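S.K.: when you get a sec, could you give me coordinates for this:
(chains A and B)
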Amino acid sequence: MNIPADLKYSSEHEWVRAEGDEASIGITDYAQHALGDIVFVELPEVGEEVGAGEALAVVESVKAASDVYSPVSGKIAKVNERLFASPELVNSDPYGSWFVVVSMSDPGELDTLLSPEEYVKLCEEE
Amino acid sequence: MNTLQKTPLYETHRRSGGKIVEFAGWALPVQYNSILEEHEAVRSRAGLFDVSHMGKVTVRGKGAFDFLQRITTGDIGVLVDGQAIYCLMCYPDGGVVDDILVYRFGPGDFFLVFNAANTEKDYNWLKQNNTDGVDIVNVSEKFAQLALQGPLAEKILQALTDTDLQGLRFFRMQCDVKIAGAKCMVSRTGYTGEDGFEIYTSPDSAPALWDAILEAGKPYGVVPAGLGARDSLRLEACLPLYGHELSPDITPVEAGLGKFLRFEKQDFIGRAALAACLSKGAARKMVGFEMEERGVPRANYPVESGGKEIGFVTSGGYSPTLKKNIGLALIETACAGQGDKIDVVIRGKRLKAVIVPIPFYKKHYKKK
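M.R.: Take a look at the predicted model:
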C-alpha cells in the first residue's frame, strides 16, 4: 500500500497536502482499494464553507456511496473537475487525484492529523 | 464473519483474494479484483460465480404436481423431465413469497431453487401449505452450486466433460454429468443475461471443480466473479431481485412479471387477488430509467414528478456496459410512460432522469 511520507492523514482515510494556507484533499490508496471501482464523485461548490470533520464530497463505487470528510476547516478554493469525467483516476492515481483545495481558516488543525507513520499503523489495525 | 454461513468454496475464495462480505447471512466474495472487470469478463468472455448459498428443496410424491400447481404461479404442467421454469410463489393477497426455479426430474419428482435469504421462509411456507402429503426436504446443504456465465461458457465447460453441452437447451437440466471427474447436475440457466450454466455438485467436489473450470477457462479469459458483478449484470438485464423488485408488498403485476402468472391453470395461492389487480389495472408500475444529470441512483431513493413523490428506486447503479447510471423504479402508473421525465432524489437533491425501455441490456440466451 502506498502511503507517501510528505502528506498528513485523517483517521477517515483522507490525505492532506498543505502549501501555505491551502490544503489539497483526496482519499488514500487504502480507501480507494477498500471502495473498489469508483464510478462517480460528487464535489462541493467553490466558495462553500466546510468545517473539519464535515462531509465534503461523496464517492460512489459500483456498490455503494461513501462520504468523504474534510480534515480541515475553511472555504472551498478549487474543485477537481477532471474527476467528473474520469472518476476512475481516484483508483489509478489516488494521490494525484485531489478532490478539492480548501483555503484553511485555521492551519493549526493540521497538527491534529496523523503522520504517515501513525496512518500506517491505523491501516494495519483495520 | 464468524457467525456467517460459509459455502464449501469459502477457503478457495479467501485464498484467491476474494473480498468477503456478508450477504443474506452468508460470507461471500463481493469481488476479486474489480467489479467492472468481472462484469466485462462475463459480457465478453466468461465469469465463474459461487452461488452455493441458494436454497434447494426437493418436492416428491404422488401429490407433488398438484401441490406445486397450487403453490406457484407457473404452469408446472408444461414441464418435461429435465426442464425448468421460472415462477413465483405468492401470498393470498398477491404479494410475493419468492421467485423460484422449478425443475422436473420425473412425474412426481421436483427440485426447487430459492433465494438464499428466503430459504427458511420458503421451506416453511411449503410445509405449511402441504395438504397433499408431499415429501418436502431441504437439501440446500447437500449441494454446492457454481454458475459459469458468458458467451464462452459452453466452450470452457465442454473441455471438461464428455456430455454434449450443445444439446443442452435453455432452461434444461442434465443429471449425471461428469465435469473434471466430479459428478454434477448441469442446467442452462443463470442470472446475468448471458448464455451459461449452473452446476450443482457435492460440497466435497466443489473446490477442485472450481479450480478445474478456472484452469480450463484460462486461455479464454475466464475470471472468478463476485456478488458485485452478479448484481450489476442482473440489473442491466432487468432480472428481478427479491427484496428490491419483488417483496410481500409488491405484486408480480406491478413488477411487470404478469407473464409468469398462469391464470388458465387450476387455482393457485394469490390467484383471485392477482386477477383483480390485473383487471383493475395496477396503480404502480416498474419502469427503467437513465439518469440525465450526474448522480448514481440507489435502492429506496425517492422518485418525484413535478415535485410530488410518485414512488421509489428498487435497484440502481452504474451500468458498466452502457456506461450510464441506470435504475429500476416502482412508480405511479400515470407517470410511467416511456420518455416521461422523472426526478430521482439523491441525498436531498432532485436530479433529472428519463424513463427508457427495458431491459437495458438485451439478453443473449442460447435458445436453440
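
S.K.: hang on, isn't A:K8 packed against A:L110?
M.R.: Yes: between A:K8 and A:L110 a contact is recorded at 5.9 Å, counting by C-beta atoms under 8 Å. To be clear about C-beta, it is placed using only N, CA and C from the backbone, and glycine gets the same treatment.

S.K.: now the common contact residues for those two.
M.R.: A:V16, A:A18 (C-beta atoms under 8 Å, 6 or more residues apart in numbering or on different chains).

S.K.: who has more neighbours out of the two?
M.R.: Neighbours were counted for A:K8 and for A:L110 using other C-beta atoms under 10 Å in any protein chain shown; A:K8 has more, 23 against 14.

S.K.: if I look at the more buried one, how far off is A:M104?
M.R.: To A:M104, A:K8 is 12 Å away according to C-beta to C-beta, to the nearest Å.

S.K.: any common contacting residues for those two?
M.R.: A:A18, A:L110.

S.K.: list the buried ones in the helix or strand harbouring A:F84?
M.R.: Using DSSP states H and E, the element containing A:F84 is helix A:82-85. Residues of helix A:82-85 classed as buried by neighbour count (16 or more other C-beta atoms under 10 Å in any protein chain shown): A:L83.

S.K.: elements contacting it?
M.R.: helix A:89-92 (3 or more C-beta pairs under 8 Å, 6 or more residues apart in numbering or on different chains; DSSP states H and E).

S.K.: would you map the helices across the stretch 1-150 of chain B?
M.R.: Here the stretch 1-150 of chain B has its helices, by DSSP state H, counting those that start in this stretch, at B:10-15, B:35-44, B:64-71, B:119-128.

S.K.: deepest of those, which one?
M.R.: With neighbours taken as mean count of other C-beta atoms under 10 Å in any protein chain shown, the helices of the stretch 1-150 of chain B reach their highest mean count in helix B:35-44, at a mean of 23.

S.K.: B:G47 - nearest residue in space that isn't next to it in sequence?
M.R.: Leaving aside its chain neighbours, B:G47 sits nearest to B:A225 (3.5 Å; criterion: C-beta to C-beta, 6 or more residues apart in numbering or on different chains).

S.K.: from chain A, how far off is the one you found?
M.R.: Distance from B:A225 to chain A, counting by C-beta to the nearest C-beta, to the nearest Å: 12 Å.

S.K.: so what's the closest residue to B:D176 other than its chain neighbours up against?
M.R.: Nearest residue to B:D176, sequence neighbours excluded (C-beta to C-beta, 6+ apart): B:K183, at 6.7 Å. Neighbour list for B:K183: B:D176, B:V177, B:T201, B:S202, B:S205 [criterion: C-beta under 8 Å, 6+ apart].

S.K.: so B:K183: helix, strand or coil?
M.R.: State at B:K183, reduced to three classes by DSSP: H, G, I helix; E, B strand; the rest coil: strand.

S.K.: would you mind measuring from it to B:Y200?
M.R.: From B:K183 across to B:Y200, the span is 10 Å (C-beta to C-beta).

S.K.: give me the next element, helix or strand, following the helix or strand hosting B:N325.
M.R.: Taking DSSP H and E as the criterion, B:N325 maps to strand B:324-332. Where DSSP H and E defines the elements, the next helix or strand beyond strand B:324-332 is strand B:341-346.

S.K.: could you find the closest non-adjacent residue to the residue most central in space within chain A?
M.R.: Closest residue to the average C-alpha location of chain A: A:G26 at 2.5 Å, with C-alpha atoms, centre = their mean. Distances taken as C-beta to C-beta, 6+ apart put A:W98 closest to A:G26, at 4.7 Å, once the chain neighbours are dropped.

S.K.: let me see the contact set for residue 46.
M.R.: Answering for chain A, as no chain was given. Applying C-beta under 8 Å, 6+ apart, the residues near A:V46 are A:I76, A:A77, A:K78, A:V79.

S.K.: I was thinking of chain B, sorry if that wasn't clear
M.R.: Counted by C-beta under 8 Å, 6+ apart, B:A46 has contacts B:148-153, B:156, B:196, B:217, B:220-223.

S.K.: in the stretch 1-150 of chain B, where is pLDDT below threshold?
M.R.: B:1 (pLDDT under 70).

S.K.: mind redoing it with 90?
M.R.: Along the stretch 1-150 of chain B, the model assigns pLDDT under 90 to residues B:1-3, B:131-133.

S.K.: who in it is up against chain A?
M.R.: By C-beta under 8 Å from any C-beta of the partner chain, the part of the stretch 1-150 of chain B that sits against chain A consists of B:K19, B:V30, B:Q31, B:S34, B:I35, B:L36.

S.K.: surely the first one touches B:I35?
M.R.: Just to be clear, that refers to B:K19. No: checked against C-beta under 8 Å, the pair B:K19 and B:I35 is beyond contact range at 9.8 Å.

S.K.: any shared contact partners between these two?
M.R.: A:G36, B:G226.

S.K.: check which helices and strands the lengthiest helix in chain A is in contact with.
M.R.: Counting by DSSP state H, the longest helix found in chain A is helix A:116-125. Here helix A:116-125 touches strand A:8-9, going by 3+ C-beta pairs under 8 Å, 6+ apart.

S.K.: OK, contacts around the residue nearest to B:N300 when sequence neighbours are not counted?
M.R.: Spatially, and ignoring its direct neighbours in sequence, B:N300 is nearest to B:F312 (5.7 Å; C-beta to C-beta, 6+ apart). Shown in contact with B:F312 (C-beta under 8 Å, 6+ apart): B:N300, B:Y301, B:P302, B:V303, B:A329, B:L330, B:I331.
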